[in-house]
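1. fold the following.
(one chain, ligands or ions: 2)
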Amino acid sequence: MPDNIPTTTCSAVLCRYDEIALKGGNRMRFENQLIANIKKVLTPAVNLHLIRVRGRILFRFDELPEPTITAAVAKLKKVFGLASFSPGCLIESSLEMIEQTALSHFQHTYSQLSTTDRGSISFRIRVRRSDKQFPFSSNDMEIKIADQILKNYPNLNVNLRNADITTGVEIRKEWTFVFSEKIQGPGGLPSGSNNGALALLSGGIDSPVACYMVMKRGCPLHFLTFHSYPYIPGESVDKVARIVNVLNSYQLNGRLYACNLAESQKVIRDNCTAKFRTILYRRLMMKIATNLAESLNLNAIVTGESIGQVASQTMANLNSINHVTDLLVLRPLVGMDKVEIIEKAKRVGTYTLSQENCPDSCTVFAPNRPATTSQITRLEQEESKTNPQDLLTGSMANIKQISV
Ligand code: ATP
Ligand code: MG
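-> Ligands and ions are numbered 1, 2, ... in the order given. Got it, this is the predicted structure:
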């Protein structure tokens, strides 16, 4: 228990999870991963001490200034595995202390409301008492605290079903936690609780969303982008690097690899039937991605493909692209409409960046009428007009890691 117990300043955060709670024998592993991830994003700004509570995680920290708390809250909103969390005060379990803290905590939350909102708000007190030795029941405590608040704010209403402010009090033998805010986390599973994958990331709207969805299931990602410098400007890689920065705010240390495909695209342009160009580029991209993923020990590839979105994403063409790899290819957007993807991109925070106008590698030497269907034997025939192994080796030599 801290010696100097602050009454209004936040001194702890209670973290809740949903899906991890459903895990059987593996639950501890997921919980430990979540704890490690929270520690990584909050340390060193915050000096954390972990307190395990069944089904939830409580972190106590030294008294902190408001801006540090605000920054910590922003970071926690991006920690996968967190269903919700509440910053609050950790105090000793005495009646006087609980009443006093709950009141000052409520006052603090109330003072942050705009003056127009303040007149008509309602509140409720929720007490959870795990310490059955504590002399007052949960219900008694709720009434006692509400009375204190009503004494100070006689115009407020109590609303047990749908209150504007809910002050929560969790009473245990060793400590009591008081909070007034329940902030939504991103859900999902903690980053690192599943295997890693390599994502094919363009500067478009779709692939960043696909990355987010796979990352949300606990898979840390590294990223591979293709460009065609000097046929498209060098800024296209810079744009992807900025998208990676946003995605890395949900995970740690995802690396970005950039592969210059221009020379290989010229060979395909000069030797293969025009209408198959895009699909041949895509097959080559998939081969390169497979090689890189294997060299990085990653067992899956992620793309932002969605059935029927463009000519290269008809069922037949998706199959032709898929055919060149033995790795698992995750396509989390496969059944999503563009409007749904855009909506999600806005929430993830990549939409504005994706909107910046920049040509994509696949548009270089693109045919006017790309084939919407393709047979694998026909594509293999086209590829045999080049030296496919040389194209792959040459492209692999054109991969560079980009600092993000
Ligand atoms: P949008 O459809 O919003 O323009 P996109 O990234 O989905 O963006 P598509 O042409 O639909 O672009 O490409 C389908 C998928 O192929 C992408 O989601 C991505 O996974 C991969 N891809 C396309 N172009 C590139 C590229 N230049 N670098 C890496 N991956 C790419
Ligand atoms: Mg797309």
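2. apart from its chain neighbours, what residue comes closest to the residue of the stretch 101-250 of the chain found nearest ligand 1?
-> Among all residues of the stretch 101-250 of the chain, G204 sits closest to ligand 1, at 1.9 Å; criterion: CB to the nearest ligand atom. (C-beta placed from N, C-alpha, C; glycine too.) In space, and not counting its chain neighbours, G204 is closest to S354: 5.9 Å by CB to CB, 6 or more residues apart in numbering.
3. just N194 next, same as before
-> Closest to N194 by CB to CB, 6+ apart is G218, at 3.7 Å.
4. distance of that neighbour from L198?
-> Taking CB to CB, to the nearest Å as the measure, G218 falls 16 Å from L198.
5. kindly report the same for C259.
-> 12 Å.
6. please apply the same query to N152.
-> From N152 to L198 the distance is 58 Å (CB to CB).
7. overlap of the contact sets of C259 and L198?
-> L224 (CB atoms under 8 Å, 6 or more residues apart in numbering).
8. and the helix or strand the residue nearest to G204 falls within, what's buried?
-> Assigned by DSSP states H and E, S354 belongs to helix 351-355. Buried residues in helix 351-355, counted by 16 or more other CB atoms under 10 Å: 351, 353-354.
9. can you redo these as a markdown table with distance to G254 and pLDDT?
-> Below are those laid out as a markdown table (distance: CB to CB, whole Å; pLDDT from 0 to 100):
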| residue | distance to G254 | pLDDT |
| --- | --- | --- |
| Y351 | 19 | 98 |
| L353 | 15 | 97 |
| S354 | 17 | 97 |
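10. which one of these is nearest to I232?
-> I232 has its nearest neighbour among those in S354, at 15.7 Å by CB to CB.
11. which helix is the longest one in the chain?
-> helix 277-295 (DSSP state H).
12. C-alpha coordinates for it, PDB please?
-> The C-alpha atoms that make up helix 277-295 are tabulated as PDB, following Å, rounded to 0.1, in the frame of the first residue of the first chain:
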ATOM      1  CA  ARG A 277       0.700  -8.500 -66.500                       C
ATOM      2  CA  THR A 278      -1.000  -7.500 -63.300                       C
ATOM      3  CA  ILE A 279      -1.600 -11.100 -62.300                       C
ATOM      4  CA  LEU A 280       2.000 -12.000 -63.200                       C
ATOM      5  CA  TYR A 281       3.200  -9.200 -61.000                       C
ATOM      6  CA  ARG A 282       1.000 -10.500 -58.200                       C
ATOM      7  CA  ARG A 283       2.300 -14.100 -58.500                       C
ATOM      8  CA  LEU A 284       5.900 -12.700 -58.400                       C
ATOM      9  CA  MET A 285       5.000 -10.600 -55.300                       C
ATOM     10  CA  MET A 286       3.600 -13.700 -53.600                       C
ATOM     11  CA  LYS A 287       6.800 -15.800 -54.500                       C
ATOM     12  CA  ILE A 288       9.000 -13.000 -53.100                       C
ATOM     13  CA  ALA A 289       6.900 -12.700 -50.000                       C
ATOM     14  CA  THR A 290       7.100 -16.500 -49.400                       C
ATOM     15  CA  ASN A 291      10.900 -16.400 -49.600                       C
ATOM     16  CA  LEU A 292      11.200 -13.500 -47.300                       C
ATOM     17  CA  ALA A 293       8.600 -14.900 -44.800                       C
ATOM     18  CA  GLU A 294      10.500 -18.200 -44.700                       C
ATOM     19  CA  SER A 295      13.800 -16.500 -44.200                       C
END
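13. which helices and strands sit right next to that helix?
-> strand 197-200, strand 221-227, helix 262-271, strand 300-302, helix 315-322, helix 376-384, helix 388-397 (3 or more CB pairs under 8 Å, 6 or more residues apart in numbering; DSSP states H and E).
14. swap the cut-off to 6 Å and go again
-> Here helix 277-295 touches strand 197-200, strand 221-227, helix 315-322, helix 388-397, going by 3 or more CB pairs under 6 Å, 6 or more residues apart in numbering; DSSP states H and E.
15. which of those sits closest to I341?
-> strand 197-200 (15.2 Å).
16. mind checking how far the helix or strand following that closest one is from the chain centre?
-> Downstream of strand 197-200, the first helix or strand assigned by DSSP H and E is helix 206-215. Helix 206-215 sits 9 Å away from the centroid of its parent chain (CA atoms, centre = their mean, to the nearest Å).
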